[in-house]
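> just coords:
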């Protein structure tokens, strides 16, 4: 054995082994990169190589507490848990469809909350494992390990009159379920994300993303986000690249100016259909929120025109709503980032910025409320101005949902804290009218579900 271990080896043999080993490392790296980008060129070899390369990262995850569903910020919610109601909540005009990660159950749930009496009228527990079974896994961007019940967030769920839901996460298929949580349809082919906005005809407007990009010269990692128009039956009526729309409208400089390239250039987070004709828009027009450009654009699909756009004073915004026939309101995160690491920082608080087209004027009527409650979510976040003057706000990064009465008092507040003391993420909740909520509840009462 000693003779074998200490045997002299010719120098040329060592050099040859070094060259072969180096070539093998290059080949292994190429196989891993190909598989990581979602390509299938090397088949099972690629999947095996990727799994081998991920062993250190997976081992590290096993040794650490999994806090991926824990909220990022807790400054304004210390000591708070669950719902707190003020008498002003008794006149609330409907329900809240609260989407949240249940830290006690270890999964995302959706609750229909009757704010007026402080009760949970119904709870849905969609099974992401079952709903996503058999989906196609091929992407350069999407993290498929989160396509599981334990991690899947139901972002901006939409309640239907029959008690069913339209569901998705960020970067996932769009799924329609019935009142019992069984899948009615599942739309793949695009990776849907952020808001789900219903139109008057029952169709849906949803941000999507297509691969590969339609932009010539764009790398495989470029996030080519789309405006997707989906029928009530789950058929994609139309889907258009936002980058292509900007290029067609002479705004390529916003995306590809020298020295400014990044993969996530646009970050479309809301597609808001206008309610009808008005002095500043036409039926069929769409307001687009482009977070990474701090831009709100009014887009006319009929002519492929951006008929109006404005950058700022909103910054890194989410959620644009039409207030009346000449005013929009925007949830400005007021978030800034000064390096490639970290989540960024809010300058003061978030704000709801009103823009009046008739007067070309900006106002911030809710600034005192936001300052008093220290509302400051760096990412995500939404609002809705409700009938009767109520205002609801989701401060996602703090796991907090707030309802303000018309006089500005805090009518209701929810903090998504579990028994372990940690706050867990929300999932873009929405207002549900009293009529829709009661229709859904009546339909649910007539269902006999297997589970």
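Yes, it's here. Here the structure is a predicted model, which means the values were calculated and not measured.
> could you check the pLDDT of the residue most central in space within the chain?
Centroid check for the chain by CA atoms, centre = their mean gives residue 194 as the closest residue, at 3.3 Å. Per-residue pLDDT puts residue 194 at 97.
> ditto for residue 43
Looking at residue 43, its pLDDT is 67.
> how about residue 17?
Note for residue 17: predicted pLDDT of 76.
> returning to what we had before: helix, strand or coil: sort out the residue nearest to the centre of the chain for me.
coil (DSSP: H, G, I helix; E, B strand; the rest coil).
> once you drop chain neighbours, what's closest to it?
Among residues not flanking residue 194 along the chain, residue 269 sits closest, at 4.3 Å (CB to CB, 6 or more residues apart in numbering). The C-beta positions use only the backbone N, C-alpha and C, and glycine is treated the same way.
> what are the phi and psi values at residue 438?
phi -70, psi -40 (degrees, to the nearest 10).
> how close does it get to residue 322?
Distance of residue 438 to residue 322, computed by CB to CB, to the nearest Å: 26 Å.
> what do you get for residue 336?
Residue 336 sits 27 Å away from residue 322, going by CB to CB.
> neighbour count for the two, which is higher?
Using other CB atoms under 10 Å, the more surrounded residue of residue 336 and residue 322 is residue 322, with 18 against 12.
> show me what contacts that one?
272, 274, 275, 287, 328 (CB atoms under 8 Å, 6 or more residues apart in numbering).
> wait, what's in contact with the third one?
Okay, so that is residue 275. 200, 322 are the contacts of residue 275 under CB under 8 Å, 6+ apart.
> quick one: buried residues of stretch 337-355?
Applying a neighbour-count criterion of 16 or more other CB atoms under 10 Å, one finds 346, 349, 350, 351, 352, 353, 354, 355 buried in stretch 337-355.
> apart from its chain neighbours, what residue comes closest to the fifth one?
For residue 352, the nearest residue in space outside its immediate sequence neighbours is residue 366; the separation is 4.8 Å by CB to CB, 6+ apart.
> identify the bridge partners of residue 113.
Under DSSP bridges, the beta-bridge partners of residue 113 are residue 96, residue 120.
> what about it, how many neighbours?
Neighbour number of residue 113 under other CB under 10 Å is 25.
> reformat the buried residues of stretch 337-355 as CSV; add pLDDT.
Listed next are those as CSV, based on pLDDT from 0 to 100:
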residue, pLDDT
346, 95
349, 97
350, 98
351, 98
352, 99
353, 99
354, 99
355, 99
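> just give me the closest of those residues to residue 52.
Proximity to residue 52 was ranked across the buried residues of stretch 337-355 by CB to CB; first place goes to residue 346, at 41.1 Å.
> and the closest residue to residue 105 other than its chain neighbours, how far from residue 211?
Leaving aside its sequence neighbours, residue 105 sits nearest to residue 125 (CB to CB, 6+ apart; 7.8 Å). Distance from residue 125 to residue 211, counting by CB to CB: 31 Å.
> and these two? Which one has more around it.
Shown here are residue 125 and residue 211; by other CB under 10 Å, residue 211 has more neighbours (18 against 14).
> so what pLDDT did that one get?
Here the pLDDT value assigned to residue 211 is 89.
> please apply the same query to residue 394.
Here, the pLDDT recorded for residue 394 equals 98.
> kindly report the same for the one 10 residues further on.
Confidence at residue 404, expressed as pLDDT, is 97.
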